[in-house]
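K.L.:
Sequence first, predicted model second:
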4 protein chains.
Amino acid sequence: MIIVFKPKVNEEEVKKVVEQVETKGLTTHLVVGEGVTICGVIGDTTKVDPKQIEVLPVVEKVMHVGEPYKLANRAFHPDDSIIDVSGVKVGGDHLALIAGPCSVESKEQVIEIAKAAKAAGANLLRGGAFKPRTSPYAFQGMGSEGLDILVAAKEATGLPIVSELMSAEYIEEFNEKVDLVQIGARNMQNFDLLKEVGKRCTKPILLKRGLSSTYEEWIMSAEYIMASGNPNVILCERGVRTFETYTRNTLDLQAIPVIKRLTHLPIIIDPSHAGGKWWLVEPMAKASVAAGCDGLMIEVHNNPECALCDGPQSLKPKKYTELIEEIKDIAKIVGKEV
Amino acid sequence: MIIVFKPKVNEEEVKKVVEQVETKGLTTHLVVGEGVTICGVIGDTTKVDPKQIEVLPVVEKVMHVGEPYKLANRAFHPDDSIIDVSGVKVGGDHLALIAGPCSVESKEQVIEIAKAAKAAGANLLRGGAFKPRTSPYAFQGMGSEGLDILVAAKEATGLPIVSELMSAEYIEEFNEKVDLVQIGARNMQNFDLLKEVGKRCTKPILLKRGLSSTYEEWIMSAEYIMASGNPNVILCERGVRTFETYTRNTLDLQAIPVIKRLTHLPIIIDPSHAGGKWWLVEPMAKASVAAGCDGLMIEVHNNPECALCDGPQSLKPKKYTELIEEIKDIAKIVGKEV
Amino acid sequence: MIIVFKPKVNEEEVKKVVEQVETKGLTTHLVVGEGVTICGVIGDTTKVDPKQIEVLPVVEKVMHVGEPYKLANRAFHPDDSIIDVSGVKVGGDHLALIAGPCSVESKEQVIEIAKAAKAAGANLLRGGAFKPRTSPYAFQGMGSEGLDILVAAKEATGLPIVSELMSAEYIEEFNEKVDLVQIGARNMQNFDLLKEVGKRCTKPILLKRGLSSTYEEWIMSAEYIMASGNPNVILCERGVRTFETYTRNTLDLQAIPVIKRLTHLPIIIDPSHAGGKWWLVEPMAKASVAAGCDGLMIEVHNNPECALCDGPQSLKPKKYTELIEEIKDIAKIVGKEV
Amino acid sequence: MIIVFKPKVNEEEVKKVVEQVETKGLTTHLVVGEGVTICGVIGDTTKVDPKQIEVLPVVEKVMHVGEPYKLANRAFHPDDSIIDVSGVKVGGDHLALIAGPCSVESKEQVIEIAKAAKAAGANLLRGGAFKPRTSPYAFQGMGSEGLDILVAAKEATGLPIVSELMSAEYIEEFNEKVDLVQIGARNMQNFDLLKEVGKRCTKPILLKRGLSSTYEEWIMSAEYIMASGNPNVILCERGVRTFETYTRNTLDLQAIPVIKRLTHLPIIIDPSHAGGKWWLVEPMAKASVAAGCDGLMIEVHNNPECALCDGPQSLKPKKYTELIEEIKDIAKIVGKEV
């Protein structure tokens, strides 16, 4: 931590700040130049809240040197984490292929899509049972009944299940029925939910990036889950909000190399929600794999025209099958197995 | 609702879409020009999910004419809603002055600040007992004990209490102890929490705008609460996220006239969280009142240098007192009582 | 300047960097702790490009302590700059009231609006002769003929003229005809134009903030003009681009106190372009004055329904007159003369 | 164009608007429902400025159906445009590989880099002679002398030259010395410069996307150049501004399929400026090719530690050579020749 003092600070005032910091067991190094006084602080600076220093009248600003996260930090865990989702490995040189409908609508629908997705090469099945909708008047999902349909589809295909959890109330039901528990973008900073899935969830967590969250905030949300007891977190980029209105969101693929540099956690990409248009899925899925992502989550629907939710961004099974063929070739070039 | 067809659509295809829409009891009007075919749809269009139309291969796009919210809509409720917070009126020509520390730290602290705030003219006391913090390692608030301290401060000063609720688990406790229940920016789209406070909360709700939420999304979140049974919602602008890094967020004061035009709900401004710097609070508070806001939520702390949270953005009681004096003069000009 | 080294750097490598910095005549102070090595650099750090340090393999990052601007910096010029625009003072306790049509359309129109604006209390006349339009097919302004019309309106009313310059080619003509030369938001980083108006323009400059420019970038563009020889720069906030689409842009009123703290230059607000809707102008104009701005630039049109450009955001003269009355009362409270 | 009227409009008022529109030779179709009146307008709607309709008191809003650009529009020019840059084809199934230093610093430097880039597979040489810098105190480029060095490098290697033009004053010099004239992000809406390069530039134009420009604005800037007489425009995505601060900008690869759908112009990607970090270049370059871009513009420097500008984002020739090898394999999969 570095403390930058105001230009005309006097020695006495600086001394008081330095002493205050040193009482927390930290070592300080003062650098005094013409018009500039800075203080380098060495030691476990997590004991000091920088805002409490910054509020002092003689302090101009406080700068961080290190990252505020530990458990997720690549620096303390140099190897890639490989997360086991009921037998499917995510991370390292594995490529997770998650496919399925946005919403679970009926047993027939889900099983049909699951079979087609599996035939195409998917190794995980997604489906929304509890749906976060902007409008209270929109279809809110089938709830527990939807989870049961997913379980039936798993029995029929062997594909482990990914589904979104919106309330801590259902954690035990998800532990029983679901293999990878998704926390949605809008709940990325629902800190109570993060703590609860950290404590009580026995399955790995898929943590989507918030619509306007920085990399650091996203990693800190993963840190919440990990610090609460669940080390198995997979990150998922799904587009961020910008000024552009033609696409639903702007997909940030720089997230792939950045997350891999800062953390040891796997990162997968959801090109369906990012763009909101089915014809953006194919090029963005290929780009994601070329950039080194650990997986793709893609909406596949047997009849997008009749989907109860997000039809415009869903691929038909035939299109998905063709895409996976091309994906396999790109994966090989960047050293990923499919 | 207006359906715009693709340029080279044929009559047969258009007919199919029109029929599909009409089966929902809606009336259609077709407009066919050279290279352009559009269809105006009249009736209760909330029965149709525009995305399900948009996904049809012959449809270019679907445009909305009306707003997707009803209960919050000014069009169906032309008069200002005035919300009663345990005797303090918010909305209309009343100006709510909410003051207090970011976090509850001790009984002495809160009572001292509450007395000073009341003396300055504040009519509501704020204080965080459950704190949403980006880091799992930061101070998370005193919890229920903090609420009890607020209750003691209310007893000492008569000021009703505003505090943030982060989990549905505590609704009953908030009903008992708190007068205005705050839903924080990060939970603005925690739809399960919105539904629960709509159903179970007996007190009015203060709904903060999400960091990158549009006006429409924000109003839709109010609509969630109202549609679930609680009509008493006050909106609170607290800055939105932009590219600017010098300030914590960018305060959007256009929200005041826009929200008043679109809805009948009161809107208050939180200049402390928006800028993140105490010296921005005074000019932004005056600006907010001049623009017609229904209240101000300002952080006041007796000793900002030692605050456990957000010290840099807190005013000392003396400064707050001076500010309220100036605020009163501006309020008079724009027709608000203090 | 502070250099933060990578965690596992060795002494030899640090020494090399330190020596490189010292050859530029700067003094260094090394701070070495467990896992952290930082180097404080004292002296005229403008001689060193931080990017050239940052690229060194052993360097983690380089942090700035001071601001990169000098001539515009409040630290080196503590008093407010008061700019004289052909006799009208801008800055200090003066409030500039700039009014007029978006585009000059005809002599009759401009003179009629100018007279009404003057009667309402405006002290400067605005009018666009050269128009920056997103579309090459839109009306591009009357050009030099438009400037002549403005000159005629000045003769008729005595109001000095504000108009936008889009190309260095016309600087001499602007010197002759215009009193305050506007550089538009889209040209804020047209560095060649900034240098030319700095060198050749004999009139003060009104520099609008770019649509997504930070405070620092904006001030650096003022610095370009000042460093090229023209010290008379007035800054103008006109809204920044965010995710919100209901308004044209988001007006950032925090810019007022921030610009006043960082620089000694006057700052005026353009609420007409920010919101893009006439009914946002009144509340935002009042808010701007309450926040301490040095002036308002407002579009006034005698017949907005027939305006060739930006009609929806123009006030009619009657509305403008009423607004100025209220503005005067608020100005008094915050210590500004009208 | 669709005109949406206010809810309680009367017949007489609607009629007036309809007549006003029809005087422009357009056909109208009125759709009247309970509480909703809309008017579909058919014909050449570029004759009507929608803002002039929107300002009418009875009109709620005006919605566009078509795009405002023609010459750049894929709808009127279904085949890909292939631009010839002094013999190097850009667009279609060709992949342009532009490489070189950010700034021209010396003849030896540029020739060395140009030779290495060519050996690696690059087919165009980039180098900045006129540099847009945020600070007036930063190195502003070598100017005309820099262009002469680029010409010498072209003579030595045969690689055509790409360089940025910042002022219309130098167009003739660029016509003589440069093969592809770059318009920088900060000048994307410098409309006077766009018109001049449209009129006077005999070479193709590389138009970078503005830092916060929408797809439509970017295409409209291309339309300016095309409408002024120069049809040879190549678009270049270089990252957009978001809230994220870890990277310089957020690279928007969705731009590739979107631009290809909306226009017939080639689109190339500049991953060096987008991220601002050399280790982001490799994954983003691969992703761009996988997504179907028509070229890559990458900064290559023989000695990034000593670069006068943007060293941290430059690749060394060895790294660039390895990257191009991998790029070739991906290009094959997506049907591009290198």
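P.N.:
Perfect, thanks for sending it. Numbers count the residues shown, from 1 in each chain, chains lettered A, B, ... in the order given.
K.L.:
So for the helix or strand hosting residue A:282, mean pLDDT?
P.N.:
Taking DSSP states H and E as the criterion, residue A:282 maps to helix A:278-290. Mean pLDDT, helix A:278-290: 97.
K.L.:
got the angle for the next helix-or-strand element following it vs helix A:278-290?
P.N.:
The helix or strand immediately downstream of helix A:278-290 is strand A:295-299, counting by DSSP H and E. Interaxial angle, strand A:295-299 versus helix A:278-290 (axes from the mean of the first three to the mean of the last three CA atoms, to 10 degrees): 170 degrees.
K.L.:
which helices and strands does strand A:295-299 pack with?
P.N.:
strand A:96-100, strand A:267-269, helix A:271-275, helix A:278-290, helix A:317-333 (3 or more CB pairs under 8 Å, 6 or more residues apart in numbering or on different chains; DSSP states H and E). C-betas here are computed from N, CA, C, even on glycine.
K.L.:
do you know which of these lies nearest residue A:240?
P.N.:
Evaluated over those, closeness to residue A:240 peaks at helix A:271-275, with 8.5 Å, by CB to CB.
K.L.:
And chain C, is that closest one touching that?
P.N.:
No - using CB under 8 Å from any CB of the partner chain, helix A:271-275 stays clear of chain C, with a minimum separation of 14.7 Å.
K.L.:
ok, the helix or strand of chain A with the lowest mean pLDDT near chain B or not?
P.N.:
Sorting the helices and strands of chain A by mean pLDDT, DSSP states H and E puts helix A:50-54 at the bottom, at a mean of 80. Yes - for helix A:50-54, a contact with chain B is found by CB under 8 Å from any CB, at A:51, A:52, A:54.
K.L.:
OK, contacts around the first one?
P.N.:
If I follow you right, that is residue A:51. Residue A:51 is in contact with A:62, B:309, B:310, B:311, B:312, counting by CB atoms under 8 Å, 6 or more residues apart in numbering or on different chains.
K.L.:
If we go by neighbour counts, what in stretch A:304-317 is buried?
P.N.:
A:304-305, A:307-317 (16 or more other CB atoms under 10 Å in any protein chain shown).
K.L.:
Take these and lay them out in CSV including secondary structure.
P.N.:
As requested, these are exported to CSV (DSSP: H, G, I helix; E, B strand; the rest coil):
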residue, secondary structure
A:304, helix
A:305, helix
A:307, coil
A:308, coil
A:309, coil
A:310, coil
A:311, helix
A:312, helix
A:313, helix
A:314, coil
A:315, strand
A:316, coil
A:317, helix
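K.L.:
I'd like to know which of these is nearest to chain D.
P.N.:
The nearest member of the buried residues of stretch A:304-317 to chain D, counting by CB to the nearest CB, is residue A:313 at 12.3 Å.
K.L.:
Chain B contacts on the stretch 51-200 of chain A?
P.N.:
Counting by CB under 8 Å from any CB, the stretch 51-200 of chain A comes close to chain B at A:51-52, A:54-57, A:68, A:132-139, A:166-169, A:186-187, A:189-193, A:195.
K.L.:
Drop the exposed ones from those residues and show what's left.
P.N.:
Looks like those have A:51-52, A:54-56, A:68, A:132-138, A:166-168, A:186-187, A:189-193, A:195 buried, using 16+ other CB under 10 Å.
K.L.:
re the thing from before, tell me, which of the buried residues of stretch A:304-317 make contact with chain B?
P.N.:
A:304, A:305, A:307, A:308, A:309, A:310, A:311, A:312, A:314.
K.L.:
Would you list the phi and psi of the last one?
P.N.:
With angles defined as degrees, to the nearest 10, residue A:314 sits at phi -90, psi 140.
K.L.:
Please flag which of the buried ones among the residues of the stretch 51-200 of chain A next to chain B sit within helices.
P.N.:
Within these, residues falling in helices by DSSP state H are A:51, A:52, A:54, A:191, A:192, A:193, A:195.
K.L.:
Leaving out sequence neighbours, find the closest residue to the fourth one.
P.N.:
For residue A:191, ignoring the flanking residues on the chain, the nearest one in space by CB to CB, 6 or more residues apart in numbering or on different chains is residue B:132 at 5.3 Å.
K.L.:
likewise the third one?
P.N.:
Across the structure, with CB to CB, 6+ apart as the measure, the residue nearest residue A:54 apart from its sequence neighbours is residue A:62 (4.8 Å).
K.L.:
just the last one next, same as before
P.N.:
Distances taken as CB to CB, 6+ apart place residue A:228 nearest to residue A:195, at 4.8 Å, with adjacent residues excluded.
K.L.:
Number of residues surrounding the one you found?
P.N.:
17 (other CB atoms under 10 Å in any protein chain shown).
K.L.:
pLDDT score for it?
P.N.:
97.
K.L.:
same thing with residue A:253?
P.N.:
We have a pLDDT of 98 for residue A:253.
K.L.:
That one against residue A:267, yeah?
P.N.:
No - counting by CB atoms under 8 Å, residue A:253 does not reach residue A:267; the two are 10.2 Å apart.
K.L.:
Quick check: neighbours shared by these two?
P.N.:
With contacts defined as CB under 8 Å, 6+ apart, the residues adjacent to both residue A:253 and residue A:267 are residue A:237.
K.L.:
Those two - which one has more neighbours?
P.N.:
Between residue A:253 and residue A:267, counting by other CB under 10 Å, residue A:253 is the more crowded of the two (29 against 25).
K.L.:
quick one, what contacts that one?
P.N.:
A:237, A:269, A:284, A:287, A:288, A:291, D:251, D:253, D:283, D:284, D:287.
K.L.:
repeat that with 6 Å
P.N.:
Residue A:253 is in contact with A:291, D:253, D:287, counting by CB atoms under 6 Å, 6 or more residues apart in numbering or on different chains.
K.L.:
interface residues of the stretch 201-338 of chain A facing chain B?
P.N.:
A:211, A:212, A:217, A:220, A:223, A:224, A:227, A:241, A:304, A:305, A:311, A:312 (CB under 6 Å from any CB of the partner chain).
K.L.:
so how many other residues sit close to the fifth one?
P.N.:
Going back to what we said before, that points to residue A:223. Neighbour count of residue A:223, defined by other CB under 10 Å: 26.
K.L.:
Could you name the helices and strands sitting against the helix or strand harbouring it?
P.N.:
Using DSSP H and E, residue A:223 sits in helix A:215-227. In terms of contacts (3 or more CB pairs under 6 Å, 6 or more residues apart in numbering or on different chains; DSSP states H and E), helix A:215-227 is packed against helix A:191-200.
K.L.:
residues making contact with the helix it packs on?
P.N.:
With CB under 6 Å, 6+ apart, helix A:191-200 has contacts from A:168, A:171, A:187, A:205, A:221, A:224-225, A:228-230, B:132, B:166-167.
K.L.:
if we go to 7 Å?
P.N.:
Residues from elsewhere that reach helix A:191-200 (CB atoms under 7 Å, 6 or more residues apart in numbering or on different chains): A:165, A:168, A:171, A:181, A:183, A:187, A:205, A:221, A:224-230, B:132, B:166-167.
K.L.:
cool, stretch A:231-244 as well?
P.N.:
By CB under 7 Å, 6+ apart, the surrounding residues in contact with stretch A:231-244 are A:83, A:90, A:185, A:204-209, A:211-212, A:218, A:222, A:225-226, A:248-252, A:255, A:259, A:265-270, A:273-274, A:297, B:212, C:241-243, D:212, D:214-215, D:240, D:242.
K.L.:
Just the buried residues of these.
P.N.:
Applying 16+ other CB under 10 Å to those flags A:83, A:90, A:185, A:204-209, A:211-212, A:218, A:222, A:225-226, A:248-252, A:255, A:259, A:265-270, A:273-274, A:297, B:212, C:241-243, D:212, D:214-215, D:240, D:242 as buried.
K.L.:
rewinding a little: just the residues of the stretch 201-338 of chain A next to chain B now: which is nearest residue D:151?
P.N.:
Of those, the one sitting nearest to residue D:151 (CB to CB) turns out to be residue A:241, at 45.0 Å.
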